[in-house]
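Q: need a structure here:
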Amino acid sequence: FIDSFQKLNFLSDPIDWNRLFGVDQRMIHPQGFIVSIGNNPTGIYYNSTLVPKEHIPKTWADCTNPYFKGKLSMDVRPVGLTHLMYGYGEEWVLDFAKKLLVNNPKWVRGNVLATTMVASGEHAISCVNGHGSWYRAGQGKAGYPVKFVFPEGPIVTGREVLLTPVRGAPNPNAAILMTGWLASKGVKYLHTGRESIIHPDTELGAQVKQMGREIKIVPWDMVIKSDALINKILQIWGFPKPERSGG
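A: Numbers count the residues shown, from 1 in each chain. The predicted model follows:
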């Protein structure tokens, strides 16, 4: 909705978040009116009691292993796959989508349902999911059976929790201060599994830094094109097209 909100003149004038608050430039929209304070890196869920050690996924290609045929779930809204396009290229992802379809996946909607189904043992594995839902589902649960894998290669992530002061707000300076504080210092208190991946003080950021892996954050122009990229994948999967667009 970023493009629509901008055309409707909902968003504030550009703000120099980096100069005022020291916000990492990678978190800031090029036009300066939005800050992305969180990330939701993509990965794989698997049930540690159902998947034997030799079949624990390590790469994205492991999701296409015939061993998981009929035991795999995938989201009918493949946002995670569009994120992978930035890390691996559109052609690679569309080919990957075809190979995933061969494994006779079970369709789910949303990462919360995916991790719930894997936890119950109904699905052994779920591919191209967000870190946040898994983190929150297992938080404080000893022996939680669902594990999360960052597959080999770059860690690819979308942008989460977008904040912007709204034009015409009664307390615009308070909105600017809250956004600036969250993006520069306060994000470390979120503990949602979707905090900033590049912020040195967040739990997720510290974990990724320790891994020493390349980070690829989906660029802003690609965020706006996500619906068109999703439709390319859905065409491969053969989902029916809507007869009309709009509300």
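Q: Low-confidence bits of the protein, can you list those?
A: Of all residues in the chain, those with pLDDT under 70 make up the ranges 241-247.
Q: try 80
A: Filtered on pLDDT under 80, the chain yields the residue ranges 1, 240-247.
Q: Dump the C-alpha coordinates for the helix or strand encompassing L81 into PDB.
A: Assessed by DSSP states H and E, L81 sits inside helix 79-88. What follows is helix 79-88, C-alpha atoms only, in PDB (Å, rounded to 0.1, in the frame of the first residue of the first chain):
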ATOM      1  CA  VAL A  79       5.600 -13.700  -0.200                       C
ATOM      2  CA  GLY A  80       8.700 -15.600   1.000                       C
ATOM      3  CA  LEU A  81       9.400 -16.800  -2.500                       C
ATOM      4  CA  THR A  82       9.300 -13.200  -3.900                       C
ATOM      5  CA  HIS A  83      11.900 -12.300  -1.200                       C
ATOM      6  CA  LEU A  84      14.100 -15.100  -2.600                       C
ATOM      7  CA  MET A  85      14.000 -13.500  -6.000                       C
ATOM      8  CA  TYR A  86      16.200 -10.800  -4.600                       C
ATOM      9  CA  GLY A  87      18.700 -13.300  -3.300                       C
ATOM     10  CA  TYR A  88      18.700 -15.800  -6.200                       C
END
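Q: surely R77 meets V108?
A: No - R77 sits out of contact with V108 when judged by C-beta atoms under 8 Å, with a separation of 9.9 Å. No exception for glycine: its C-beta is placed from N, CA and C like everyone else's.
Q: Point me to the residue sitting farthest from the middle of this structure.
A: P170 (32.4 Å; C-alpha atoms, centre = their mean).
Q: how about it, what does it touch?
A: If you count contacts by C-beta atoms under 8 Å, 6 or more residues apart in numbering, P170 has none.
Q: mind checking how far K147 is from I215?
A: Between K147 and I215 the distance, using C-beta to C-beta, to the nearest Å, works out to 21 Å.
Q: Show me which residues of the helix holding L81 are buried.
A: Using 16 or more other C-beta atoms under 10 Å as the test for burial, helix 79-88 gives V79, G80, L81, T82, H83, L84, M85, Y86, G87, Y88.
Q: got it, and stretch 11-20?
A: Buried, per 16+ other C-beta under 10 Å, within stretch 11-20: L11, S12, I15, W17.
Q: Out of the buried residues of helix 79-88, which is nearest to H131?
A: G80 (10.2 Å; C-beta to C-beta).
Q: Phi, psi for V128 please.
A: When read as degrees, to the nearest 10, the backbone of V128 gives phi 60, psi 70.
Q: Tell me which residue is most central in the chain.
A: N40 (3.7 Å).
Q: Could I get the contacting residues of the spatially closest residue to it that is not a sequence neighbour?
A: Of all residues not flanking N40 in the chain, G130 sits nearest, at 4.1 Å (C-beta to C-beta, 6 or more residues apart in numbering). G130 is in contact with N40, P41, T42, G43, G80, N111, G158, R194, counting by C-beta under 8 Å, 6+ apart.
Q: Are we agreed that N231 is in a helix?
A: Yes - remark: N231 belongs to a helix, assigned using DSSP: H, G, I helix; E, B strand; the rest coil.
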